[in-house]
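In: How does the following fold in three dimensions:
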Amino acid sequence: MGADVEALLKLEVPVIVVLGRRTMTVRDVVALVPGAIVELPKNAEDDLELLVNNKPIGLGRAVKVGENFGIRLGFVGDLRKRLAAVNQPVSIGATDDEAEALAAALLAGQI
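Out: Residues are numbered from 1 along each chain as shown. Below you'll find the model as predicted:
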């Protein structure tokens, strides 16, 4: 099981922070020009969604990190959902007890 875990932990997956979503007509999209403002139906203090492979796994607030922006996570879903988000089976041939032990080790930073 150790080699499977190492392979899983080395996977690179797309991580997206969603600032907001809006539906627009094709007419409005075609009319967009540099300098246009697209208003988002979201309050500046609302939580942002953290997606992995386009699947929500957490929520957090926008923060400034030097000259960049980041997200301070306030909630992260359970480990099984996060592993499912990378399209990998949770237990890779392991029993439920082994999967639970793996989850505990990952959360404790032992792996």
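In: Now name the helix or strand holding Asp4.
Out: helix 2-9 (DSSP states H and E).
In: Tell me the buried residues in the next helix or strand after that helix?
Out: The helix or strand immediately downstream of helix 2-9 is strand 15-18, counting by DSSP H and E. The neighbour-count check on strand 15-18 (16 or more other Cβ atoms under 10 Å) flags Val18 as buried. Just so you know, the C-beta spots here come from the backbone N, C-alpha and C atoms, and that holds for glycine as well.
In: Could you report the distance from Leu73 to Asp46?
Out: As for Leu73, its distance to Asp46 is 15 Å (criterion: Cβ to Cβ, to the nearest Å).
In: what does Phe69 give?
Out: 15 Å.
In: Same question for Leu59.
Out: Where Asp46 is concerned, Leu59 sits at a distance of 9 Å (Cβ to Cβ).
In: Pick out whichever of those two has more residues nearby.
Out: Leu59 (17 against 14; other Cβ atoms under 10 Å).
In: so that one is in which element?
Out: Short version, using DSSP H and E: Leu59 is in strand 55-65.
In: before we move on, what about Arg27?
Out: helix 26-30.
In: contacting residues around the helix or strand following the strand holding Leu59?
Out: Tracing the chain C-terminally past strand 55-65 and defining elements by DSSP H and E, one meets strand 68-76 next. Residues from elsewhere that reach strand 68-76 (Cβ atoms under 8 Å, 6 or more residues apart in numbering): 17, 47-48, 50, 57-64, 82.
In: Now for the residues you listed: which two are most distant?
Out: Maximum pairwise distance in those, criterion Cβ to Cβ, is 25.9 Å, between Lys64 and Arg82.
In: And for the one residue sitting closest to the centre of the chain, nearest residue in space, chain neighbours not counted?
Out: Centroid check for the chain by Cα atoms, centre = their mean gives Leu51 as the closest residue, at 2.9 Å. Excluding the flanking residues, the one nearest Leu51 by Cβ to Cβ, 6 or more residues apart in numbering is Ile16, at 4.3 Å.
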